[in-house]
Every structure is written in structure tokens, then in C-alpha cells.
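**Q** Kindly return the folded structure for what I paste below:
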Amino acid sequence: MRRLLPTARSFLLHSGQAAALAAVAVLAMAASPLPEPYYNTPVAAELEVPEAPPVTAVAQSVGPITRLIAFVAPLRGYAINSAFGLRRLASEARARQHKGVDMAAPTGTAVFAACEGEVLRTGYDAAGYGRFIEVRHPNGMSTLYAHLSRVDVAKGDRVAAEERIGLVGTTGHSTGPHLHFEVRRDQAQVNPTSVLGQEFAVQMTQASA
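**A** You can find the predicted model right below:
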């Protein structure tokens, strides 16, 4: 058998060792567990989004709740025949202030409340108003109905707008059957024609709700 040269023997020895090491590396890789896919890798830390502070609703005051009231003529189908202001009657020596309006109508004609309200007073004034009614209204005004032949309400009664409260007459200081009608604001008479047909805003109350 031919003997190998020292150089060839050394080469074979090193080749065998390298092959052995390669085989060991392959076996080690086969035995080691496979790495988990990247999408299974846990995230180190999630981003934290700061929470907005809670919102507190604050109700704004809208002020008092109001409603409208209206004033209407106290007689139906009868016009004013004597206006508010300075006047002189045939039986009087000189002119004087007429603090309301007169509406001529037959005795017994129905008289209606010009607006809702509460009866402030009733009475009899022989030298002036005769039988009369005064009604206070939600806007602070009051209305007075005079020379009545009959009164159908009493002090403290609540009346609705256009509710019948009495009958036309000629009691007291009167020249004939008619209704004397006044509107008062702060205890002073104002021209009724500036109020009739007008609406006024008044504050709602529990009684009127």
C-alpha cells in the first residue's frame, strides 16, 4: 500500500475535523426551537393616550317664563261715544277731565271683563260711579266698570277675559244708560284706547301655568 505524503495526510485530517464540526452545527440547529413569528412578539409597551377631563354641563338661566294677556272692549257691538280727556256736559258749567270712556248701551246689556284678573272691589257711589266693579289684572293695571244696574261678582273672585261681570245701567251720576270704563296704572287713569286691543307680557306663576 502506498504511503501518503505528510502534506496529504495533514489535509485529510483537517478536512475530516471540519466536516465533523459542520455536522455538529447542523444537529444543534435542528435541535434548537424555531423563533416565534414577529407578529407574536409582545409589544414592550402600548402608547398611553391621555384622557380628556370630564365635561360638566352648566344650565344657563333663561329668566322668567312669560305669557301674553290681551285687553278687549267690555261691551260687544257698542262703540265709544264719549272720549277720554277734557269735556263739558250740557248740565255742567265748565269742562272737566273725563277719566275714562263712555259706551252708550241699553240697560241690561252684558258687561264683560276686559282681561283676566281678580275682583279688587265692588261698591255703590251714589254721587259718582253708581254700582261699580274694579278688576286687577296680571300686568298691574286695573279696570273699572261704572253705572251698572247689576253686579255679578264679588271681591276676591277670579274672572276670565270676556267673562260677564255685570249689566249696563244708569246708577249714580249718570245722564242715561251707558258704561263708564276706566283703565288705571299706578292708581292713575290712562286712556283706555291706548290699552284696548293691546297685548302685554306677564310672568308665569304656578297658578297660571
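
**Q** Now for the residue nearest in space to the middle of the chain: which residues touch it?
**A** Compute the mean C-alpha point of the chain, and by CA atoms, centre = their mean the closest residue is residue 65, 4.5 Å away. Going by CB atoms under 8 Å, 6 or more residues apart in numbering, residue 65 touches 203, 204. C-beta coordinates here come from the backbone N, C-alpha and C atoms, glycine included.

**Q** redo that, cut-off 6 Å
**A** For residue 65, the contacting residues are residue 204, by CB atoms under 6 Å, 6 or more residues apart in numbering.

**Q** With residue 204 as the reference, measure out to it.
**A** Residue 65 sits 4 Å away from residue 204, taking CB to CB, to the nearest Å as the criterion.

**Q** From what I see, residue 155 and residue 119 are in contact.
**A** Yes - Residue 155 lies in contact with residue 119 (CB atoms under 6 Å); the separation is 5.4 Å.

**Q** Please identify which of those two sits among more neighbours.
**A** residue 119 (19 against 12; other CB atoms under 10 Å).

**Q** SS state for the more buried one?
**A** Three-state assignment for residue 119 (DSSP: H, G, I helix; E, B strand; the rest coil): strand.

**Q** May I have the beta-bridge partners of residue 103?
**A** Beta-bridge pairing for residue 103 (DSSP bridges): residue 179.

**Q** since we're on it, how many residues are nearby?
**A** Using other CB under 10 Å, residue 103 has 22 neighbouring residues.

**Q** Quick check: pLDDT value at it.
**A** On the pLDDT scale, residue 103 is placed at 98.

**Q** Surely it and residue 176 touch.
**A** No - the pair residue 103 and residue 176 fails to qualify as a contact (CB under 6 Å) at a distance of 11.8 Å.

**Q** Which parts of this protein are helices?
**A** 6-31 (DSSP state H).

**Q** so where's it uncertain?
**A** The chain contains residues with pLDDT under 70 at 1-47, 49, 55-62, 90-91, 206-209.

**Q** Would you map the strands across it?
**A** For the chain, the strands defined by DSSP state E occupy 66-70, 85-87, 96-98, 101-104, 110-112, 117-125, 130-136, 142-151, 158-159, 164-168, 178-185, 188-190, 199-203.

**Q** which residues sit against the shortest one?
**A** Read it as strand 158-159. Contacts of strand 158-159 (CB under 6 Å, 6+ apart): 113, 118.

**Q** what lines up beside that strand in the sheet?
**A** Strand 158-159 is paired, per DSSP bridges, with strand 117-125 (antiparallel).
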